[in-house]
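Enquirer: here is my input, please return the structure:
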Amino acid sequence: MSASEQTARYRLAASAEMLYTDLDFVERVRRLHERGFEVEIWDWSTKDLAALAATGATFSSMTGYLRGDLTTPDGIAELVATAEESLRMAELIDVPRLNLHGTGLAPGGLPVRPQTEVTPHEWEIAAETLARLAALGAREGCVFTLENLNTAVDHPGTPFARAADTLRLAQAVDSPWLRLNLDLYHAQIGEGNLIELVREALPWVGEIQVADVPGRCEPGTGEIRYEAIAAALRELGYDGVIGLEGWARHDTDAALDAFRSAFGA
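Expert: Below you'll find the model as predicted:
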């Protein structure tokens, strides 16, 4: 059986932060659920989690911290404290994965502590911090995922941003409770060679996110051939979540249709 003929084992999710943006947030979640998608959210502190739970939606992931960073004493304390709080909130909507970044992000996606160079000692500290979070996740049965970002367009100055960086950290921690949120939109801008990246990173992947380049809209609006990536994921037997974390070029329903068509699920 060819890769294109194999049945997809993965599941599809979509970001309520970026889709149906003309609707109230709870209604966005309800609409995505009605369309058959799992739902991703970002900052839980701005949401009515009881109302979200009442929609009956399956939540794929949410942001797993409110403040902090991986390397400074005060930043680590804030990161760990708000990660513990996030774990408690995750129980309210049964979220299995909590997302992390190389440092806290301010409104607009800019890092709260910009840093273009990372020392070998800071790499060690970052891995130790992530190992602490993995231990918290193991205690509560929830996986932390470390997302790669691009620094050329959306998140300039973010440390530990490339997929190569997040993979290196996940490998250093080597825990099933710390995995990658492998964002292929960001990786295309920063690194490219996406199918080989997926092959290399897959043993450490907890979730995959997608959008096209340029524009960060649905598959088919840019340069990435997501049908080929979908075939590779089927061939590799990927059985996790693929989330559309992108904007709708014109219409959310059409964007969701294009996303589902590209991944054959």
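Enquirer: C-alpha from now on. contacts and neighbour counts both.
Expert: OK.
Enquirer: and the strands in the protein, which stretches?
Expert: 11-15, 38-40, 59-63, 97-100, 143-147, 178-183, 205-210, 241-244 (DSSP state E).
Enquirer: wait, which of those strands is closest to Gly264?
Expert: Comparison of the strands of the chain against Gly264 by CA to CA identifies strand 11-15 as nearest, at 10.1 Å.
Enquirer: for that closest one, name the packing helices and strands.
Expert: Under the contact criterion of 3 or more CA pairs under 8 Å, 6 or more residues apart in numbering; DSSP states H and E, strand 11-15 touches strand 38-40, strand 241-244.
Enquirer: neighbouring strands for it, and are they parallel or not?
Expert: Partner strands for strand 11-15, per DSSP bridges, with pairing direction: strand 38-40 (parallel), strand 241-244 (parallel).
Enquirer: hmm, who's touching that strand?
Expert: 32, 37-41, 60, 239-246, 260, 265 (CA atoms under 8 Å, 6 or more residues apart in numbering).
Enquirer: and stretch 76-93, by the same measure?
Expert: Stretch 76-93 is contacted by residues 44, 49-50, 52-53, 59, 62-70, 96, 98, 129, 132-133, 136-137, 140, 142 when judged by CA under 8 Å, 6+ apart.
Enquirer: so Asp239 touches Leu202, yeah?
Expert: No. Counting by CA atoms under 8 Å, Asp239 stays clear of Leu202, with 10.6 Å between them.
Enquirer: the two: who's more crowded?
Expert: Leu202 (20 against 14; other CA atoms under 10 Å).
Enquirer: give me the below-cutoff pLDDT ranges for the protein.
Expert: Applying pLDDT under 70 to the chain flags the ranges 1-5.
Enquirer: can you show me the helices along it?
Expert: Counting by DSSP state H, the chain has helices at residues 25-34, 49-54, 73-93, 120-140, 163-173, 184-190, 194-201, 226-236, 252-263.
Enquirer: so the last one versus helix 226-236, what angle?
Expert: If you take axes from the mean of the first three to the mean of the last three CA atoms, to 10 degrees, helix 252-263 sits at 50 degrees to helix 226-236.
Enquirer: mind giving me the packing neighbours of helix 252-263?
Expert: Under the contact criterion of 3+ CA pairs under 8 Å, 6+ apart, helix 252-263 touches helix 226-236.
Enquirer: could you dump the helix it packs on to CSV, C-alpha only?
Expert: What follows is helix 226-236, C-alpha atoms only, in CSV (Å, rounded to 0.1, in the frame of the first residue of the first chain):
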residue,chain,number,x,y,z
TYR,A,226,1.0,19.7,2.8
GLU,A,227,-0.4,16.8,0.9
ALA,A,228,3.1,15.4,0.7
ILE,A,229,3.7,16.0,4.4
ALA,A,230,0.4,14.2,5.1
ALA,A,231,1.5,11.2,3.0
ALA,A,232,4.8,11.1,4.9
LEU,A,233,3.0,11.2,8.3
ARG,A,234,0.7,8.4,7.2
GLU,A,235,3.7,6.3,6.1
LEU,A,236,5.5,7.0,9.4
